[in-house]
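# please find the sequence and the predicted model below.
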Amino acid sequence: MIRLFTPSDMDRILEIEAQAFPKSPYSRGIFTSLYRSNPGTFLVYGEDEILAYLVYRLEGHIISIAVDSRHRRRGIGTRLIREAIVNSTGDFIWAEVRKSNTGAQAFYEKLGFRKQGIIPRYYWTEDAYIMVRRPQNQDKTSSFNAGSL
């Protein structure tokens, strides 16, 4: 089940975040700020226990997604990203992915995203790929311009 994040979900989100991003997890303060600025697009997945989360902006920027490691490769991340694809209002959906994170790159590519550029030192000491895809409801004649992000 996908539903909107509530502040009572915070501790579980922080657990998933620390597990998924041990090098640079978001803090409680960052998640609080993300919730305040994106209340309608901060989603969690799970019923009895939260198994994953996604934060995105309506215009299409995927800010963060993580799935509990015990529940990966079950389609949970795919369901969350598809929710963003269907509901985004921008011409493109995009995410930044560490160059070393080949698993995340493969995940996004499976969902129709393509590498469209590099952001040098996005992760302080590591570059990021910009992974981009067109939402399902967009005309195929649009062209992505990384400079407009």
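On my side now, so go ahead. Remember, predicted model here, so these are calculated numbers, not experimental data. Numbering: from 1, shown residues only.

# domain-wise, how is the chain divided?
Following automatic domain parsing, one gets these domains for the chain: 1-89, 91-149.

# ranking the ones you listed by mean pLDDT, which is last?
When those are compared by mean pLDDT, domain 91-149 comes last with a mean of 81.

# distance from it to the middle of the chain?
11 Å (CA atoms, centre = their mean, to the nearest Å).

# now the helices for this protein?
Counting by DSSP state H, the chain has helices at residues 10-20, 28-37, 76-87, 102-110.

# CA atoms of the longest one as PDB?
Taking C-alpha atoms only, helix 76-87 is exported to PDB below (Å, rounded to 0.1, in the frame of the first residue of the first chain):
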ATOM      1  CA  ILE A  76       8.300  -1.900  -4.200                       C
ATOM      2  CA  GLY A  77      10.700   0.700  -5.600                       C
ATOM      3  CA  THR A  78       9.100   0.300  -9.000                       C
ATOM      4  CA  ARG A  79       5.600   0.900  -7.700                       C
ATOM      5  CA  LEU A  80       6.800   4.100  -5.900                       C
ATOM      6  CA  ILE A  81       8.600   5.400  -9.000                       C
ATOM      7  CA  ARG A  82       5.600   4.600 -11.200                       C
ATOM      8  CA  GLU A  83       3.500   6.700  -8.800                       C
ATOM      9  CA  ALA A  84       5.800   9.600  -9.400                       C
ATOM     10  CA  ILE A  85       5.800   9.000 -13.200                       C
ATOM     11  CA  VAL A  86       2.000   9.000 -13.300                       C
ATOM     12  CA  ASN A  87       1.500  12.100 -11.100                       C
END
